[in-house]
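> what's the 3D shape of this:
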Amino acid sequence: MRRELIIAALTVLVTLCGCEKSSVPEAAKEEAGAPGVTLTADEVQSLGITTVAAKAVQYRQQVTGYGVVAAQDTIAVTDAEFLTAQAAAMQSQAAAARAQSLASGEDAAVSREVAETAQSKAAADQAALTLASRKTEAAFGRGAPWRDSASRQAVMARLTSGKTVLVRVNLPAGAIGNSLPAALHISRLGNDARSWSATTIWDAPADTTVPGRSLYALVDGSDLAQNEHVTVSVPVGAAVEGVLVPATALVYGESEAWAYAQAAPRNFVRTKIDIARPMVEGYFVPGGNGIAAGQQIVVTGTGLLLAREINPSTEVEE
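Below is the predicted model of the structure:
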């Protein structure tokens with residue numbers, strides 16, 4: 001009986017040892033066959049890998065152009081000339097009408113010559129007003145909001161105080177069709193990439209030196225300087241759903257841009273990123289292109305991760 005128990009115990013031990021030995025190669029096989037790069041917890045720490053969740057965002061195609069902030073004195077001089085001509089025309093018309101009434105009838109108070117002179121002056125002043133109006137139109141277009149007497153004072157007050165600036169915009173030919181955009185995004189050049197939105201927009205006279213569509217826009221609340229150059233973008237087309245990949249997540253190799261997304265714990269898969277759709281904080285990736293909203297994306301240690309994928313035998317530096 002004792003001998004049988006010993007034989008049974010040895011049989012169980014041999015079976016357990018055989019299972020343990022066969023499971024080790026199987027686990028290693030599964031890890032080796034996983035896509036991307038699979039690391040241990042120590043390797044993740046040694047490579048300095050950190051991740052952030054991909055944000056769900058919407059993207060609209062942007063048409064980009066350039067603009068320049070108009071000088072205030074140009075606006076003021078043109079408007080002053082128009083107002084002066086308008087006041088002179090109104091005054092001379094009233095004088096001509098009064099002279100005409102005084103020169104009529106048997107008891108005329110003024111001669112017909114005086115009345116004709118007043119009418120001639122009124123006609124001349126009206127011609128001067130027409131010329132001033134056309135000069136304003138040639139400079140700032142027919143849709144300038146200060147051409148409306150009801151809003152002139154308010155608009156001019158904001159322009160004079162600097163609370164509003166006028167930006168002349170040039171966009172590529174055919175980029176936005178014939179209709180006016182609902183809004184323009186005006187951005188400063190250089191490291192200070194501040195931007196403002198403009199919704200008061202109208203057609204500007206064509207620029208003979210630059211092909212394309214010319215617009216004027218009033219920008220409120222900016223600190224843009226006179227004659228400062230800016231970039232202009234216009235959203236066009238329908239919004240597309242996708243995710244935002246941070247700029248810090250990109251690594252470049254094989255003449256392409258890549259990012260690593262976490263597919264499983266400590267497993268990272270390299271995904272090609274199209275950088276043709278930049279956003280403020282990174283790049284837009286359409287839905288279904290390998291990265292889902294909420295998925296963890298590597299933002300530090302990406303270069304070391306790429307080196308490890310290309311050369312798996314590379315040892316992690318302590």
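> Phi, psi for the residue lying closest to residue 133 once chain neighbours are set aside please.
Leaving aside its chain neighbours, residue 133 sits nearest to residue 82 (6.3 Å; criterion: CB to CB, 6 or more residues apart in numbering). From N, CA and C alone the C-beta is placed, and that goes for glycine too. Main-chain dihedrals, residue 82, degrees, to the nearest 10: phi -70, psi -50.
> Same check on residue 232?
When read as degrees, to the nearest 10, the backbone of residue 232 gives phi -130, psi 130.
> May I have the beta-bridge partners of it?
In this structure, residue 232 bridges to residue 65, residue 186 when assessed by DSSP bridges.
> returning to what we had before: list the residues that contact the residue nearest to residue 133.
129, 132, 133, 135, 136 (CB atoms under 8 Å, 6 or more residues apart in numbering).
> Quick check: the last one is in a helix.
Yes: using DSSP: H, G, I helix; E, B strand; the rest coil, the secondary structure at residue 136 is a helix.
> Retrieve the pLDDT associated with it.
You'll see residue 136 listed with a pLDDT of 88.
> Quickly note the distance from it to residue 152.
Counting by CB to CB, to the nearest Å, the gap between residue 136 and residue 152 amounts to 11 Å.
> Overlap of the contact sets of these two?
Counting by CB under 8 Å, 6+ apart, the common neighbours of residue 136 and residue 152 are residue 79.
> Of these two, which one has the most company?
Taking other CB atoms under 10 Å, residue 136 and residue 152 do not tie; residue 136 has more neighbours (20 against 16).
> need the next SSE after the helix or strand of the chain with the lowest mean pLDDT, C-terminal direction.
When the helices and strands of the chain are scored by mean pLDDT, DSSP states H and E, helix 2-33 comes last with a mean of 41. With elements assigned by DSSP states H and E, the helix or strand that comes after helix 2-33 is strand 37-38.
> Rounded mean pLDDT for that next one, please.
What strand 37-38 shows for mean pLDDT is 90.
> How far does it sit from its chain's centre?
On the basis of CA atoms, centre = their mean, to the nearest Å, strand 37-38 sits 37 Å off its chain's mean C-alpha point.
> what ranges do the helices span in this protein?
2-33, 41-46, 72-102, 112-140, 149-161, 302-310 (DSSP state H).
> Great, nothing more from me.
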